[in-house]
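Novice: Here is a sequence with its predicted model. Questions after.
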Amino acid sequence: MAGEVIHPAPDRAARATQRAWGVTIATGVMVGVLAAGVLIAAGNDGSTTTSETAPAMEGAVAADHMGLLEPGMVEALFGELEARGVTRYHAVSIRPDWATFEVEVAPGAIQYDTITYRDGGFGEREPAGEIDTDPDATYFEASALAPGVVGAAAARAAEVAGLPDRPVSYIRIDRQGWWRGILTVSVQLESDSYGSAAHVVWDGSGRHLLRDGS
């Protein structure tokens, strides 16, 4: 229903906590498609974007094998980093079992560090690199992502790419690449036996930008 706020089912929230990810999925974490238009997918022919919104996770996520790509997990990790003083990100890469967060060293700094999340906890900050563009045009805040858009993108990517049985390899969130300046959520699907892969891109609000199915 348009405007409906989707919360994780109590049993899923409990399982997420018990798996010792190091974060708690509170029942107040918004997941899936939260408001009308949060995730707008391309039509099956790939010709145009449509006003179709993603279903509210109706069987779209097989919970246990998605790991950090499950609804609510990314939001929980962002929340933990915010509590540790992180405010802006250069890029975020998320796989089912680990994630890396490239974070601004200090407000307005051109340097960024990497923080890795693996085996239920965050590692130490490690120097990672420097940007050569305006910090305000490069870094982004977690709040720039529509609530639930990452989990919804993970759930819908294979379907939108026309490869319904293809697992997600990883998701990258940044303002780089072809869509420089636009915050994007790029979902990379696993390669097939011939090495052919596909990726699907949405912007941070959930509007579909690209389908590269193969």
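Specialist: Nice, thanks for sending it over. All values derive from a computational prediction rather than experimental measurement.
Novice: For this structure, which helix or strand comes out least confident on mean pLDDT?
Specialist: Counting by mean pLDDT, DSSP states H and E, the chain has its least confident helix or strand at strand 49-53, which shows a mean of 31.
Novice: Return the list of helices and strands in contact with the helix or strand that contains E75.
Specialist: Using DSSP states H and E, E75 sits in helix 73-83. Under the contact criterion of 3 or more Cβ pairs under 8 Å, 6 or more residues apart in numbering; DSSP states H and E, helix 73-83 touches strand 98-104, helix 149-160. C-beta here means a position set from N, CA and C on the backbone, and glycine is covered the same way.
Novice: Give me the helices and strands touching the next helix or strand along the chain from the last one, please.
Specialist: Proceeding C-terminally, helix 149-160 gives way to strand 168-174 as the next helix or strand, assigned by DSSP H and E. With contacts defined as 3+ Cβ pairs under 8 Å, 6+ apart, strand 168-174 has these neighbours: strand 89-94, helix 149-160, strand 184-189.
Novice: Now strand 168-174: buried residues?
Specialist: Within strand 168-174, the residues scored as buried using 16 or more other Cβ atoms under 10 Å are 168-174.
Novice: and of those, the nearest to A146?
Specialist: Of all the buried residues of strand 168-174, I173 has the smallest distance to A146: 11.8 Å, by Cβ to Cβ.
Novice: Which residue comes closest to that closest one once chain neighbours are left out?
Specialist: Excluding the flanking residues, the one nearest I173 by Cβ to Cβ, 6 or more residues apart in numbering is V92, at 4.3 Å.
Novice: Just the local confidence number for the one you found, please.
Specialist: Listed pLDDT for V92 reads 97.
Novice: Write down the beta-bridge partners of it, one by one.
Specialist: Beta-bridge pairing for V92 (DSSP bridges): F101, I173.
Novice: Distance check, it against D165.
Specialist: 26 Å (Cβ to Cβ, to the nearest Å).
Novice: Comparing those two, which residue is more hemmed in?
Specialist: More crowded of V92 and D165, by other Cβ atoms under 10 Å: V92, with 24 against 5.
Novice: residue contacts, that one?
Specialist: 74, 99-102, 172-174 (Cβ atoms under 8 Å, 6 or more residues apart in numbering).
Novice: Out of the helices and strands packed on helix 73-83, which is the most enclosed?
Specialist: Most buried of the helices and strands packed on helix 73-83, by mean neighbour count (mean count of other Cβ atoms under 10 Å): helix 149-160, with a mean of 26.
Novice: circling back to that earlier point, okay, the angle between the helix holding E75 and strand 184-189?
Specialist: Taking axes from the mean of the first three to the mean of the last three Cα atoms, to 10 degrees, one finds helix 73-83 and strand 184-189 inclined to each other by 130 degrees.
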